[in-house]
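*Asks:* Whatever this is, show me its structure:
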Amino acid sequence: MGTVFSFDLRDPVTPSVHRALREAVGWLHHVDEVFSTYRPNSVISRLGRGEPVPERYGPEVTEVFALCAEAARATGGWFSHTPGGRLDPSGMVKGWAVERVSQMLDAAGAHNTCVNGGGDLQSRGEAAPGTPWRIGIAHPARPGEPAAVVTGHDLAVATSGTAERGAHVLDPHTGRPATGLLSLTLTGRHLTRTDAYATAAFAMGGGARAWVEALDGHEALGITAAGEVWRTPGFPGTVLAGAAP
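*Replies:* Numbers count the residues shown, from 1 in each chain. The predicted structure follows:
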């Protein structure tokens with residue numbers, strides 16, 4: 001999917017956990033083969049061209065499309081798996097894949113983990129006994145400088161922004177790049193929805209803060225195009241850049 005995945009395990013790597021790691025890596029490669037828009041022969045690229053898809057891939061594609069439709073309803077159409085008229089469910093797939101891998105490791109006995117897919121993370125348990133996970137949020141306008149540190153247990157953290165790939169998130173209502181924010185970090189419990197909602201909130205621009213404040217179970221940190229930093233009241237961390245009240 002054009003990005004890097006990493007695994008941080010704080011439990012002993014038993015044979016069952018080692019086996020789950022191998023299976024998780026294999027499954028991520030499979031997800032890439034099915035959903036990557038960077039691969040011209042992936043299932044999703046073939047679907048986008050109107051080509052037939054082998055039946056064995058049907059259940060996974062159906063599941064992801066159903067999640068996309070649910071996210072579109074929940075965000076009032078601000079999330080779309082056809083941005084600019086092009087089939088691209090990447091805004092859902094990465095979070096879905098990371099959360100699924102986290103579940104695989106947990107089922108194998110690794111209960112204190114953090115799985116990172118291109119900067120979107122699903123943590124479980126704690127970093128050490130009595131110590132929560134601490135996750136740095138990069139400042140989009142100041143390379144190498146953190147904007148905030150998120151702290152918590154069993155936490156999903158997703159960031160949409162311009163720092164890594166430029167203005168690549170489209171406003172689904174206009175088809176043009178969203179430019180109201182430099183970055184939007186959303187926290188929640190489950191990365192599948194948190195990642196999709198982060199993409200939608202970033203596309204909203206100036207309307208993101210009010211929308212997240214009305215959204216159960218999620219908090220946000222936003223950095224505007226003018227460099228102003230804001231956060232919702234329950235944002236679980238420390239803001240290091242200047243934050244608006």
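*Asks:* Pull the residues that contact the one helix or strand residue 70 maps to.
*Replies:* Element membership for residue 70 (DSSP states H and E) is helix 58-74. The contact list for helix 58-74 (CB atoms under 8 Å, 6 or more residues apart in numbering) reads 34-35, 43-44, 47, 53, 79-81, 89, 92-93, 96, 192-193, 196-197, 200. No exception for glycine: its C-beta is placed from N, CA and C like everyone else's.
*Asks:* Mark which of those residues are buried, thanks.
*Replies:* Among the contacts of helix 58-74, those classed as buried by neighbour count (16 or more other CB atoms under 10 Å) are 34-35, 43-44, 47, 79-81, 89, 92-93, 96, 192-193, 196-197, 200.
*Asks:* nearest residue to the most centrally placed residue in the chain other than its sequence neighbours?
*Replies:* Against the mean C-alpha coordinate of the chain, by CA atoms, centre = their mean, the closest residue is residue 195 at 3.1 Å. Residue nearest to residue 195 in three dimensions, not counting chain neighbours: residue 95, with 2.7 Å by CB to CB, 6 or more residues apart in numbering.
*Asks:* wait, what's in contact with that neighbour?
*Replies:* 117, 120, 122, 156, 158, 191, 192, 193, 194, 195, 196.
*Asks:* repeat that with 7 Å
*Replies:* 120, 158, 191, 192, 194, 195, 196 (CB atoms under 7 Å, 6 or more residues apart in numbering).
*Asks:* now the angle from whatever helix or strand residue 30 lives in to helix 58-74?
*Replies:* Secondary-structure element containing residue 30, defined by DSSP H and E: helix 15-35. Per axes from the mean of the first three to the mean of the last three CA atoms, to 10 degrees, the angle that helix 15-35 makes with helix 58-74 is 80 degrees.
*Asks:* Check which helices and strands helix 15-35 sits against.
*Replies:* Judged by 3 or more CB pairs under 7 Å, 6 or more residues apart in numbering; DSSP states H and E, helix 15-35 is in contact with helix 43-48, helix 90-107.
*Asks:* So for that helix, what gets flagged as buried?
*Replies:* 17, 20, 21, 24, 28, 31, 32, 34, 35.
*Asks:* roughly how far is that helix from the heart of the chain?
*Replies:* 18 Å (CA atoms, centre = their mean, to the nearest Å).
*Asks:* Report the mean per-residue pLDDT for it.
*Replies:* For helix 15-35, mean pLDDT is 96.
*Asks:* what angle separates that helix from helix 90-107?
*Replies:* Going by the same axes, to 10 degrees, helix 15-35 makes 160 degrees with helix 90-107.
*Asks:* who touches helix 15-35?
*Replies:* Against helix 15-35 from outside (CB under 7 Å, 6+ apart): 1, 5, 7, 11, 39, 42-44, 57, 60, 89, 93, 97, 101, 104-105, 108-110.
*Asks:* Pull out the buried members of those residues.
*Replies:* By 16+ other CB under 10 Å, the contacts of helix 15-35 give 1, 5, 11, 39, 42-44, 57, 60, 89, 93, 97, 101, 104-105, 108, 110 as buried.
*Asks:* For the nearest residue to residue 135 once chain neighbours are set aside, list each beta-bridge partner.
*Replies:* Leaving aside its sequence neighbours, residue 135 sits nearest to residue 150 (CB to CB, 6+ apart; 4.5 Å). According to DSSP bridges, the residues that bridge with residue 150 are residue 135, residue 237.
*Asks:* What distance do you get for residue 150 to residue 239?
*Replies:* When distance is defined by CB to CB, to the nearest Å, residue 150 is 10 Å away from residue 239.
*Asks:* If you count surrounding residues, which of the two has more?
*Replies:* residue 150 (23 against 17; other CB atoms under 10 Å).
*Asks:* just for this protein, where's the confidence low?
*Replies:* For the chain, applying pLDDT under 70 flags the ranges 1, 162-167, 241-245.
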